[in-house]
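# Mind folding the following:
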Amino acid sequence: MLERIYTIPINEAFDACAQDSANGCPFCRLQSMLEQNEIEIILGGAMMEPDVRIKTNAQGFCLRHYKAMLEKNNMLGVGLMLESHLDELRAQLEPGGIAVLAKGGPAPVAIERLQRLDGSCYICGRVNFSLGRMLSNAAMLWDTEKEFRDKTAAQPYFCLKHFRMWCEEAKKYMNKKRFPEFYDAVSKVVLAYFDSLRADVSQFCRQFDYRYEGEPLGNTKDAVERAIKFLRGV
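A predicted model of the protein is given here:
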């Protein structure tokens, strides 16, 4: 079932990217929006809510989102979250603490806790949930609305990360006979940009070969940066 809370920003992102190719992948745009919203929320009143603090103490944040929070110049907010997060971790790593009661002794339990920490981020979890709902709603929009299929065809590109994720969601919700049509339509956008980008990267590399001296530079100025963004997304 389509969820209006998600379809509005989806359509806005697709419109913006179709109108200006510099906006890039619409799902990257949506992910950036979600991340900024979550950072604003967590550095606002949410950081003092007990249920949020329990989650941030347990999950922590990935390096990218720690850096993003620091850029907001709210050092006290980050410090307060770190204070309770560090206290909880210290207790869990203490050899004489609760962990010693667990099967296998304290060391394996402490290592397991650090492994969980390494793969967890409070903001990533919330963004991934909302982005997943947006991807599934976008698949349903494509399946049910011709206007959205036209918007899809007008996109400058979809990064490979979000192309894969969108196809995965579409396969869950779309009729098996309909999915190949969806894949063909979206991959047509991806592959057209792929080929153009590959040519730009090759042209960029030729600039450093004397045999191609004087050859037109074309659209090579930011080819390397665009290639990385296309491969990895936001």
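# make it CA atoms for all contacts and neighbour counts henceforth
Noted.
# for the residue nearest the centre of the chain, what are its contacts?
In the chain, the C-alpha closest to the average C-alpha coordinate belongs to residue 31, at a distance of 5.1 Å (C-alpha atoms, centre = their mean). Applying C-alpha atoms under 8 Å, 6 or more residues apart in numbering, we find residue 31 in contact with 127, 131, 234.
# Could you do residue 141 as well?
Listed by C-alpha under 8 Å, 6+ apart, the contact set of residue 141 reads 2, 148-149.
# centre of the chain versus the helix or strand of the chain with the lowest mean pLDDT, how much separation?
Of all the helices and strands that make up the chain, helix 106-118 has the lowest average by mean pLDDT, DSSP states H and E, namely a mean of 78. Per C-alpha atoms, centre = their mean, to the nearest Å, the displacement of helix 106-118 from the mean C-alpha position of its chain is 26 Å.
# Including secondary structure and neighbour count, could the contacts of residue 31 go into JSON lines?
Putting the contacts of residue 31 into JSON lines (DSSP: H, G, I helix; E, B strand; the rest coil; neighbours: other C-alpha atoms under 10 Å) gives the following:
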{"residue": "127", "secondary structure": "helix", "neighbour count": "21"}
{"residue": "131", "secondary structure": "helix", "neighbour count": "21"}
{"residue": "234", "secondary structure": "coil", "neighbour count": "16"}
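# For residue 154, give me the backbone phi and psi.
Main-chain dihedrals, residue 154, degrees, to the nearest 10: phi -90, psi 0.
# Would you mind measuring from the residue nearest to it when sequence neighbours are not counted to residue 216?
Nearest non-adjacent residue to residue 154, counting by C-alpha to C-alpha, 6 or more residues apart in numbering: residue 18, 5.4 Å away. Per C-alpha to C-alpha, to the nearest Å, residue 18 is found 28 Å from residue 216.
# Kindly report the same for residue 74.
Applying C-alpha to C-alpha, the value for residue 74 to residue 216 is 47 Å.
# Then residue 181?
In this structure, residue 181 and residue 216 are 38 Å apart, going by C-alpha to C-alpha.
# again, but for residue 84
From residue 84 over to residue 216 the distance is 58 Å, taken as C-alpha to C-alpha.
# same question, residue 144
Distance check for residue 144 against residue 216: by C-alpha to C-alpha, it reads 45 Å.
# one step back: more neighbours, residue 84 and residue 216?
Here residue 84 and residue 216 are set side by side on neighbour count (other C-alpha atoms under 10 Å), and the busier one is residue 84, at 16 against 10.
# Show me which of the contacts of residue 141 are buried.
Buried positions within those, assessed by neighbour count (16 or more other C-alpha atoms under 10 Å), are 148-149.
# CA atoms only for stretch 1-21, dumped as PDB, please.
Written as PDB, here are the backbone C-alpha positions of stretch 1-21 (Å, rounded to 0.1, in the frame of the first residue of the first chain):
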ATOM      1  CA  MET A   1       0.000   0.000   0.000                       C
ATOM      2  CA  LEU A   2       1.300   3.400  -0.900                       C
ATOM      3  CA  GLU A   3       2.200   5.600   2.000                       C
ATOM      4  CA  ARG A   4       1.700   9.400   1.400                       C
ATOM      5  CA  ILE A   5       4.400  10.300   4.000                       C
ATOM      6  CA  TYR A   6       6.900   8.700   1.600                       C
ATOM      7  CA  THR A   7       5.400   9.400  -1.800                       C
ATOM      8  CA  ILE A   8       5.500  13.200  -1.500                       C
ATOM      9  CA  PRO A   9       9.300  13.400  -0.900                       C
ATOM     10  CA  ILE A  10       9.900  10.600  -3.600                       C
ATOM     11  CA  ASN A  11       8.100  12.700  -6.200                       C
ATOM     12  CA  GLU A  12       9.800  15.900  -5.100                       C
ATOM     13  CA  ALA A  13      13.200  14.200  -5.500                       C
ATOM     14  CA  PHE A  14      12.500  12.700  -8.800                       C
ATOM     15  CA  ASP A  15      11.200  16.000 -10.100                       C
ATOM     16  CA  ALA A  16      14.200  17.900  -8.900                       C
ATOM     17  CA  CYS A  17      16.700  15.400 -10.500                       C
ATOM     18  CA  ALA A  18      14.800  15.300 -13.700                       C
ATOM     19  CA  GLN A  19      14.800  19.100 -13.900                       C
ATOM     20  CA  ASP A  20      18.500  19.400 -13.100                       C
ATOM     21  CA  SER A  21      20.900  16.600 -13.800                       C
END
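# Done for today, thanks.
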